[in-house]
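> here you go, sequence then predicted model.
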Amino acid sequence: MSDKLLLHAEKIDKKFGPTHAVKEVSLDFYAGEIHALIGENGSGKSTFTNMLTGILPIGSGTFTLDGEQIAPKNQVDGNHHGVAVIVQELGTLNGLTVAENLFLGDEGRFMKHGIKNTAAMNKKAQELLDGFGLEKVRATAPIENYNFEERKIIEILKSTWFDPKILVVDETTTALSQDGRDKLFEVMRDVRAKGHCVIFISHDMAEVLSMSDRISILRDGDFITTINASDVDEDKLKTLMVGREMGDNYYRTDYPNYATEPQGEIAIMMQNVSVPGSLNDVSLELHKGEILGIGGLSECGMHEVGKAMFGASYDRTGTVQLGDGTPIDSINTAISNSIAYASKDRDNESLLINDTIQDNITLPSMRDMGFILKQKDLKAFAKKYADIMSTKMVGVDQYVSALSGGNKQKVVLARWLGKQSDILLLDSPTRGIDIGVKADIYQLLAEMRNQDKAILIISEEIMELIGMCDRILVMKDGKINGQLFRSPELTEQDIIAKMI
Amino acid sequence: MASTNTKAVAETQEKKFDWHQIKSLLPIISFVAIVAIFAILTRGALITPRNITLIISGGFTLMIATVGVYMIMSMGCLDFSQGSMMGLSCAVVCFLSQYNPILAIVGGMATGALIGLINAIFHVKGQVQSFVVTMCMMFLLRGVIAYITTASPVYAASYLTALATNTPLLIGIVVAVLVIAYLVLHFTALGSNLKAIGASETGARFAGINVQRTKIIIYVVAGAITGFAALINAIRIGSVTSQAGNMLETQILIALVLGGMPINGGARSRFSSVVTGVLSYLVLQRGLVMLGFTTEIQQLILGIVFVIMVAVFSERAANQVIK
């Protein structure tokens, strides 16, 4: 890191209606540094960088990049000013080719007399892909030919090939496998080596400490402090983020003594279930009073397990049934039989984001509340469970789209708590969620386990599986490839060995 | 804790100036504005008792049919076949009224319900967008109506047309339909389910709502309601020509949008849009007639108003995520 000031943010401020997301934050970014921005969900990290990159208009305050004041109108304008961003969710567009995605909004560079030279664009795109180690990817192929991971990598190339002075990496790593992360980290180091700056947003404290030079902390929209990464450890960071000491009870600490199989009675079971393209003859049993984990590589089919058990898979063969033999073959039968499901795709499947918190929480429970419903009762019901989950909100008539990732997940859990579900199928329950909320969720799951509920956790975070589960099934290529039992000696390597 | 509470109170107060709050009042404001403007322009002629009766009695059919379309639109669907559906149902009512009044009512509603069912099957099972399906249905039914009225219009029995002057009875019927629909949509899960489907079909499905079945039921019910509106139409008009129900679908759409209905439905749909919207539309249309505008200019003005209201009430920012 040099002592050359590259970007100066002066009293950056942003309000969304009643929510004051970023409060007069002033920050300096130097040439040749990886500068991490951390904070709980809703602390204003993404809002801050979104104003810098042109995704959101600036509320008030100024950004000065290399002595020039910038206020990008959109992402492409941001790119022209030398600011690029890689976002958390998918940032490429279906229906366009890889090349068209790479140069989206920037087709002008291949225009001559108003005519686009597609051949030149494809050629340039293929050169960039080859130079990036993506020889397998064809510039002329439609982007949907590639999977989530590959598309994320293509997006990294899209955001960096023109050597931006500032690269914002916004919570991208949670969407990537280890290989993808390594590729991203290589790109980040590369940007730093060129004397540019990376603004790195991540909830993974180990990652933040190992990758960044300096770390700035935001809490509830306020700037707290900037520190050198070499001067802190994980615990200190967590304390700074949440503003209180974190206890040791982050994961479960109990180790029940299992002989081999769990003792509880079977809550739900899958027998010879196949779903084309993801599951291949999978059988498993989930017991009462058990937390069962499913791990594996992102594409191993584990995410389909939750959908299949919830009756939401298309083209499912084989049977899913409760311990007493009741078959589960539609979402309706699943919900009537006390099964809850939280999808990895939180915004589309777990929630109706363009609807109120009240509707989101009450929808599945309405059928238990009698034929005639009173608005007052529905509101009280929603408020009760939102409060139990300590959801940060203005009121239950607030729209879910206005909530941060962690608070959205709280609404999902509040819905199923309200429904008194006995079988919980949770896909990536803490994805993109900060440690404060994570700890709350883990504690809730441990309590529910003690109430004899059956819990399934599908997760890409191995530590979460080891920390929370009584039993872990590891999947590979659509099949179950191994079973591990809870033990203090269980290590990440034990699980990775079965994944690959 | 005290500071948190104060903050919460401050936030609630600030929320009162929320754009959405203003938007929710806009339909009422625009209704009052429309009445005021035309009352002034017609030098009070608009609000004479005789004229008010005329305006209201001209809107019975529209008001009833709009109730069904409101349900369809809150699911984020559309129905352009309403006018032709009303026309055909009306022909059935008129024809059957020659034999038996009960048969006429049931026959009209069954016709509408059947057409709604066909629409729903193509839309839900065939996975074709609702506006395409219902647009095709409109062309098809217009052909059918033209065919059955080629020789002569279909006339309703005289006992039906005799009711045309019984305004209190007709108003009573319209109010009954509105009250029943309001109660069902507000005090059962149905209203929330429809809005949830409009907000996100996938999200609704994962919340346990049977999206396909709900859609089919609503199209059938909306069809039956329009079939019932056809009965009122038969009473008031007394006959069916090839033009029966022409443009009704457009009138419904303009009325709902005037009433503040988001064009994509969803959580911000309000049943009050049916009443304020239809009344606004009726006054606007009558006012333009009274001012002596030609039909072409009336259409032009209605079109402009329609576009402006769609722009105001569409949910562009709905996908804005705050982090």
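Happy to help now that I have it. Numbers count the residues shown, from 1 in each chain, chains lettered A, B, ... in the order given.
> okay, and for the stretch 1-150 of chain B, where does confidence drop off?
Applying pLDDT under 70 to the stretch 1-150 of chain B flags residues B:1-18.
> which strands and helices lie in contact with the helix or strand containing A:Ile472?
For A:Ile472, the element it lies in under DSSP states H and E is strand A:471-476. With contacts defined as 3 or more Cβ pairs under 8 Å, 6 or more residues apart in numbering or on different chains; DSSP states H and E, the packing partners of strand A:471-476 are strand A:291-296, strand A:479-485, helix A:492-499. C-betas here are computed from N, CA, C, even on glycine.
> least reliable of the ones you listed going by mean pLDDT?
Within the helices and strands packed on strand A:471-476, confidence is poorest for helix A:492-499, with a mean of 84 (mean pLDDT).
> redo the helices and strands packed on strand A:471-476 as TSV? Include mean neighbour count and distance to B:Lys125.
As requested, the helices and strands packed on strand A:471-476 are exported to TSV (neighbours: other Cβ atoms under 10 Å in any protein chain shown; distance: least, Cβ to Cβ, whole Å):
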stretch	mean neighbour count	distance to B:Lys125
strand A:291-296	26	34
strand A:479-485	17	34
helix A:492-499	14	41
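> ok, which of these comes nearest chain B?
Among these, strand A:291-296 comes nearest to chain B, with 19.1 Å by Cβ to the nearest Cβ.
> can you list the strands that that closest one pairs with?
strand A:454-458 (parallel), strand A:471-476 (parallel) (DSSP bridges).
> can you tell me the SS state at residue 253?
I went with chain A, as the question did not name one. coil (DSSP: H, G, I helix; E, B strand; the rest coil).
> measure it to chain B for me?
According to Cβ to the nearest Cβ, to the nearest Å, A:Thr253 stands 31 Å off from chain B.
> burial of that residue, as a residue count?
Residues near A:Thr253, counting by other Cβ atoms under 10 Å in any protein chain shown, number 10.
> returning to what we had before: any chance of the helices and strands packed on strand A:471-476 in CSV, plus distance to A:Leu56?
Formatted as CSV, those follow (distance: least, Cβ to Cβ, whole Å):
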stretch, distance to A:Leu56
strand A:291-296, 36
strand A:479-485, 44
helix A:492-499, 38
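> closest one to A:Met393 among the ones you listed?
Shortest distance between A:Met393 and the helices and strands packed on strand A:471-476, using Cβ to Cβ, is found for strand A:291-296: 28.2 Å.
> show me the contact partners of the closest one.
Residues outside strand A:291-296 that contact it (Cβ atoms under 8 Å, 6 or more residues apart in numbering or on different chains) are A:284, A:286, A:302, A:305, A:445, A:449, A:454-460, A:462, A:464-465, A:468-476, A:481, A:495, A:499.
> kindly report the same for stretch B:296-310.
B:Ser30, B:Leu253, B:Ile254, B:Val257, B:Leu258, B:Gly260, B:Ile263, B:Leu284, B:Gln285, B:Leu288, B:Val289, B:Phe293.
> what do you get if the cut-off is 7 Å, keeping everything else the same?
By Cβ atoms under 7 Å, 6 or more residues apart in numbering or on different chains, the residues outside stretch B:296-310 that reach it are B:Ile254, B:Val257, B:Leu258, B:Ile263, B:Leu288.
> min pLDDT across these, which one?
Lowest in pLDDT among the contacts of stretch B:296-310 is B:Ile263, which has 86.
> I'd say that one and B:Ser314 touch.
Yes: with contacts counted by Cβ atoms under 7 Å, B:Ile263 reaches B:Ser314, the gap being 5.6 Å.
> burial measure for A:Phe48, as a count.
Counted with other Cβ under 10 Å, A:Phe48 comes out at 29.
> how much space between it and A:Glu68?
Note on A:Phe48: its distance to A:Glu68, by Cβ to Cβ, to the nearest Å, is 19 Å.
> repeat for B:Arg286
60 Å.
> who's more crowded, those two?
Higher neighbour count among B:Arg286 and A:Glu68: B:Arg286, with 20 against 9, using other Cβ under 10 Å.
> doesn't the more buried one lie inside a strand?
No: assessed by three-state DSSP, B:Arg286 does not belong to a strand; its assignment is helix.
> helix or strand: which one has the nearest residue to it once chain neighbours are set aside?
Excluding the flanking residues, the one nearest B:Arg286 by Cβ to Cβ, 6 or more residues apart in numbering or on different chains is B:Ile55, at 4.9 Å. Following DSSP H and E, one finds B:Ile55 within helix B:49-57.
> likewise A:Glu149?
Assigned by DSSP H and E, A:Glu149 falls in helix A:148-160.
> give me the contacts around that helix.
Applying Cβ under 7 Å, 6+ apart, the contact partners of helix A:148-160 are A:84-86, A:90-92, A:98, A:101-102, A:128-129, A:132, A:134, A:137, A:143, A:146, A:167, A:172, A:175-177, A:180, A:183-184, A:187, A:191, A:298.
> show me how far it is from its chain's centre.
Chain-centre distance of helix A:148-160: 16 Å, with Cα atoms, centre = their mean, to the nearest Å.
> now swap in stretch B:295-314 and tell me
Mean C-alpha position of stretch B:295-314 versus that of the full chain (Cα atoms, centre = their mean) differs by 16 Å.
> buried stuff in that stretch?
Judged by neighbour count using 16 or more other Cβ atoms under 10 Å in any protein chain shown, the buried positions of stretch B:295-314 are B:Gln298, B:Ile301, B:Leu302, B:Val305, B:Phe306, B:Met309, B:Phe313.
> what of stretch A:166-181?
A:166-177, A:180-181.
> can you tell me the closest non-neighbouring residue to residue 293?
Chain wasn't specified; assuming chain A. Excluding the flanking residues, the one nearest A:Gly293 by Cβ to Cβ, 6+ apart is A:Cys469, at 3.4 Å.
> my question was about chain B
Using Cβ to Cβ, 6+ apart, the nearest residue to B:Phe293 is B:Ile301, at 7.2 Å.
> now the residue in the stretch 1-150 of chain A that chain B sits nearest to: which helix or strand?
Nearest residue of the stretch 1-150 of chain A to chain B (Cβ to the nearest Cβ) works out as A:Ser46 at 3.7 Å. Per DSSP H and E, A:Ser46 falls inside helix A:45-53.
> likewise for B:His186?
Counting by DSSP H and E, B:His186 is part of helix B:167-187.
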